[in-house]
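Undergrad: take this sequence and fold it.
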Amino acid sequence: MQNLGFDILIGIIAFIPALAANPGAVITGGYGLMDFGKNWKDGNRIFGDGKTISGYLGGILSGTVIGIIIYFILNSYSLLPYKIGLISLILIPFALSWGSLTGDLVGSFIKRRMNMKSGQKGNLLDMWPFVIVAFLFSFLITGKFFMAMYGNLIDIVLILVLTPLLHRGVNILAYKMKWKDVPW
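TA: Numbering: from 1, shown residues only. Take a look at the predicted model:
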């Protein structure tokens, strides 16, 4: 890799599958409640009406497909820490997308335990769980690549700082396009 600034930019670009999974879930969502309409032992829904099976699977698929395209380009121009094979070309964006949407579920679960309704603004609970779990899944599934890409921790911190801004902007856009009921 060239220099720290360039490495950071590539690290952010490489994280796009995790960021793309959430809008993909919004676009494909609406069918089959993730919690099957069930309540937790506290009497509140497990996840709420906003978390659907079609959104979860559609978001993972869309993030993975977008990621495959991005990683193919990055890999073709030798912009990754090392050349990756076909399996990694699929597995890395899949891990980021799957982790992102699973983290989103974790955030929803926590919000329900705090008596927050579906769609209620949760500030960092709406943003950081998907980032943290995406990084965790990436580390667990593609550890060697994850450490080569994000081992310096600078990208992780920068992504955590930038995520609230990106998340807010994307949600406002989705709200204006009538894909979301609320702009957060």
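
Undergrad: what residues sit buried inside the strand or helix carrying V106?
TA: Per DSSP states H and E, V106 falls inside helix 86-113. By 16 or more other CB atoms under 10 Å, the buried positions in helix 86-113 come out as 88-109, 111-112. C-beta here means a position set from N, CA and C on the backbone, and glycine is covered the same way.

Undergrad: what's in contact with whichever helix or strand comes after that helix?
TA: Sequence-wise, the next helix or strand downstream of helix 86-113 (DSSP H and E) is helix 128-141. Helix 128-141 is contacted from outside by 15, 18, 21-22, 91-92, 94-104, 106-107, 110, 145-147, 150, 156, 159-160, 163, using CB atoms under 8 Å, 6 or more residues apart in numbering.

Undergrad: what do you get for stretch 59-75?
TA: 10, 13-14, 16-29, 79-80, 83-84, 89-90, 92-94, 96-98, 100-101.

Undergrad: so, low pLDDT: which residues of the chain?
TA: For the chain, the stretches with pLDDT under 70 are 1-2, 184.

Undergrad: please repeat the previous calculation with a cut-off of 80.
TA: Low-confidence segments of the chain (pLDDT under 80): 1-2, 4, 118-121, 123, 167-168, 170-171, 174, 179-184.

Undergrad: look up how far G122 lies from N115.
TA: In this view, N115 and G122 are 12 Å apart by CB to CB, to the nearest Å.

Undergrad: compare those two (neighbour count), which wins?
TA: Set side by side, N115 and G122 show more neighbours around G122, with 16 against 10, by other CB atoms under 10 Å.

Undergrad: tell me the contacts of Y175?
TA: D181, V182, P183.
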